[in-house]
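1. Sequence unavailable; structure follows:
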């Protein structure tokens, strides 16, 4: 059986079940474990499937992003761990970009006491936090306001962000695969593209729950980054594949979430 036939078989199995184990595919296809792994990696590069521990599943579709308030209450322990690990990469005196998102807000908390920083962001919550809790030189991009995400997007924001030379830029997303980042919003692409084009070091930050989720618009390929910071729940095969692309991978331990006194309290139901 040629690779295309094996991959079609894998997709057929996933059409019937949510997850199929590598052990089962190895037995049913009559090939080695490594051959099945290679077929899964080929399918992953197309965005159709996602590796999970010991198996594979179909990629999930992201139609719309959750509002900031809802996202702030999801996977908080993992986000805090990723934020701390990412903040450790920041040194005094750097020019830093913090993308919009609840994970980058954790980075902001981790760097608030650093000396001599210049921080640029398109996120209103990040900006408000640092304006109250740090002495950094602080810039906000301005631009088209995305109310639910409490940030700015589009060409006006990207033009401002392209004026800076960043020592380190932290980019986030709500959906990613081994091939890169995607989003339901095309207006996010020029913002992220402008920043990575001006950064000495580009760092992608995301908790593992967002892996294997794909949205309509491709935003950035994984190859534009120097480093990926995620948590240890990511599939080991995914981490290895990213390293094989030449990127550094930092896996953060995720202890129990620590309540934040300055965080908004969401009293509504989170779905």
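-> Yes, it's here. Since the model is a prediction, treat every value here as computed from it, not as a measurement.
2. domain ranges for the chain?
-> Split into domains by automatic domain parsing, the chain comes to 3-58, 68-252.
3. Kindly reformat those as TSV containing mean pLDDT.
-> Formatted as TSV, these follow (pLDDT from 0 to 100):
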stretch	mean pLDDT
domain 3-58	87
domain 68-252	95
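4. And the helices in the stretch 151-271 of the chain, which stretches?
-> Remark: helices assigned in the stretch 151-271 of the chain by DSSP state H, counting those that start in this stretch are 154-161, 189-196, 236-244.
5. ok so, going back, which of the domains of the chain sits most buried?
-> Ranked by mean neighbour count under mean count of other CB atoms under 10 Å, the domains of the chain are led by domain 68-252, which reaches a mean of 20. Glycine gets a C-beta too; all of them are placed from N, C-alpha and C.
6. Could you check how far the residue most central in space within the chain is from residue 119?
-> Compute the mean C-alpha point of the chain, and by CA atoms, centre = their mean the closest residue is residue 206, 3.4 Å away. Going from residue 206 to residue 119 by CB to CB, to the nearest Å gives 20 Å.
7. Would you agree residue 210 is in contact with residue 174?
-> Yes - using CB atoms under 8 Å, residue 210 is in contact with residue 174, at 5.9 Å.
8. can you put the helices of the stretch 151-271 of the chain in CSV and add distance to residue 67?
-> Below are the helices of the stretch 151-271 of the chain laid out as CSV (distance: least, CB to CB, whole Å):
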stretch, distance to residue 67
helix 154-161, 19
helix 189-196, 18
helix 236-244, 28
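9. which stretch among those helices comes nearest residue 40?
-> Comparison of the helices of the stretch 151-271 of the chain against residue 40 by CB to CB identifies helix 236-244 as nearest, at 8.1 Å.
10. Against which helices or strands is that closest one packed?
-> Here helix 236-244 touches helix 33-45, strand 248-252, going by 3 or more CB pairs under 8 Å, 6 or more residues apart in numbering; DSSP states H and E.
11. now the first one and helix 236-244, what's the angle there?
-> Going by axes from the mean of the first three to the mean of the last three CA atoms, to 10 degrees, helix 33-45 is angled at 70 degrees with respect to helix 236-244.
12. and if you look at the last one?
-> Orientation check (the same axes, to 10 degrees): strand 248-252 against helix 236-244 gives 150 degrees.
13. Report the strands that pair with strand 248-252, each with its relative direction.
-> The pairing partners recorded for strand 248-252 under DSSP bridges are strand 227-231 (parallel).
14. Return the distance of the strand it pairs with from the chain's centre.
-> What separates the centre of strand 227-231 from the centre of its chain is 8 Å, taken as CA atoms, centre = their mean, to the nearest Å.
15. what about the residue nearest to the centre of the chain, distance to residue 164?
-> 23 Å.
16. For residue 20, give the beta-bridge partners.
-> Beta-bridge partners, per DSSP bridges, of residue 20: residue 56.
17. Look up how far residue 131 lies from it.
-> Distance from residue 20 to residue 131, by CB to CB: 50 Å.
18. Show the contacting residues for residue 115.
-> 92, 93, 135 (CB atoms under 8 Å, 6 or more residues apart in numbering).
19. and it, that one's in a helix?
-> No - using DSSP: H, G, I helix; E, B strand; the rest coil, the assignment for residue 115 is coil, not a helix.
20. So residue 207 sits against residue 79, correct?
-> Yes - between residue 207 and residue 79 there is a contact at 5.5 Å, judged by CB under 8 Å.
21. what is in contact with those two at once?
-> residue 103.
22. Tell me the bridge partners for residue 151.
-> Under the criterion used (DSSP bridges), residue 151 bridges to residue 123, residue 146.
23. I'd assumed residue 123 was in contact with it.
-> Yes - counting by CB under 8 Å, residue 123 is a contact partner of residue 151 at 4.6 Å.
24. so what sits against both of these two?
-> Counting by CB under 8 Å, 6+ apart, the residues touching both residue 151 and residue 123 are residue 100.
25. Remind me what the helix or strand harbouring residue 28 packs against, helices and strands.
-> Using DSSP states H and E, residue 28 falls within helix 22-29. Counting contacts by 3+ CB pairs under 8 Å, 6+ apart, helix 22-29 is packed against helix 3-16, helix 33-45, strand 55-58.
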